[in-house]
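Visitor: Show me how the following folds:
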Amino acid sequence: MSTKSVRQRALALVGKRLNPLTLRMAYAGRGPFSLVRHVGRRSGRRFETPLILAPVPGGFVAELTWGDRVDWYRNIVAAGECTVLVRGREHRIVAIEPMSADEGLRAFPAPARLLLRLLRKRDYRLLREG
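Guide: Residues are numbered from 1 along each chain as shown. The predicted structure is shown next:
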């Protein structure tokens, strides 16, 4: 089985099982989840994707758990903007920029940082607020 098909199956499972729960948490402003609202680059449809974002001066840091080929990320790059719902407040994002792994890790609180290190996560982006 190819790596791509394993990744696709894992994403489908996560989306089907966990996203409804994480969406509810993001809407309620509870727990670690925020909501990224973006427009499909091909379909033009509106989507909402739950993510864990770390607040930093000027925006938020996102860790790309599944890499830079996921739809939410590609949609934001194509559109050049999105909105995020963080703790019940909406923020306009006007740019998405790469960050070093060290800089990205530092944005997260200690427990999350430890987990991200253990999982060897090194792909971070700054969602710049405007």
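Visitor: so where do the helices sit in the protein?
Guide: Ranges of helices in the chain, per DSSP state H, are 3-17, 19-28, 71-79, 101-107, 110-118.
Visitor: Quick check: which ranges of this protein have low pLDDT?
Guide: Applying pLDDT under 70 to the chain flags the ranges 1-4, 7-8, 11-12, 14-15.
Visitor: Now with 80, please.
Guide: 1-19, 30-31 (pLDDT under 80).
Visitor: Mind telling me which residue is nearest the centre of it?
Guide: Leu51 (4.1 Å; C-alpha atoms, centre = their mean).
Visitor: Pretty sure it sits against Arg37.
Guide: No - using C-beta atoms under 8 Å as the test, Leu51 is too far from Arg37 to be in contact (11.0 Å). C-beta coordinates here come from the backbone N, C-alpha and C atoms, glycine included.
Visitor: one step back: so what's the residue nearest to the centre of the chain up against?
Guide: Leu51 makes contacts with 33-36, 62, 72, as judged by C-beta atoms under 8 Å, 6 or more residues apart in numbering.
Visitor: Which among the helices of the chain is found nearest to Leu127?
Guide: Shortest distance between Leu127 and the helices of the chain, using C-beta to C-beta, is found for helix 71-79: 7.7 Å.
Visitor: for that closest one, packing partners?
Guide: If contacts are counted by 3 or more C-beta pairs under 8 Å, 6 or more residues apart in numbering; DSSP states H and E, helix 71-79 sits against strand 33-39, strand 46-56, strand 89-99.
Visitor: Name the residues of stretch 20-38 that are buried.
Guide: The neighbour-count criterion (16 or more other C-beta atoms under 10 Å) identifies 22, 26, 32-38 as the buried residues of stretch 20-38.
Visitor: Closest one to Leu85 out of those, please.
Guide: Leu35 (4.0 Å).
Visitor: Residues in a beta bridge with that closest one, which ones?
Guide: Leu35 forms beta bridges with Pro50, Leu85, as assigned by DSSP bridges.
Visitor: Could I get the contacting residues of it?
Guide: When contacts are counted by C-beta under 8 Å, 6+ apart, Leu35 touches 23, 26-27, 48-51, 84-86.
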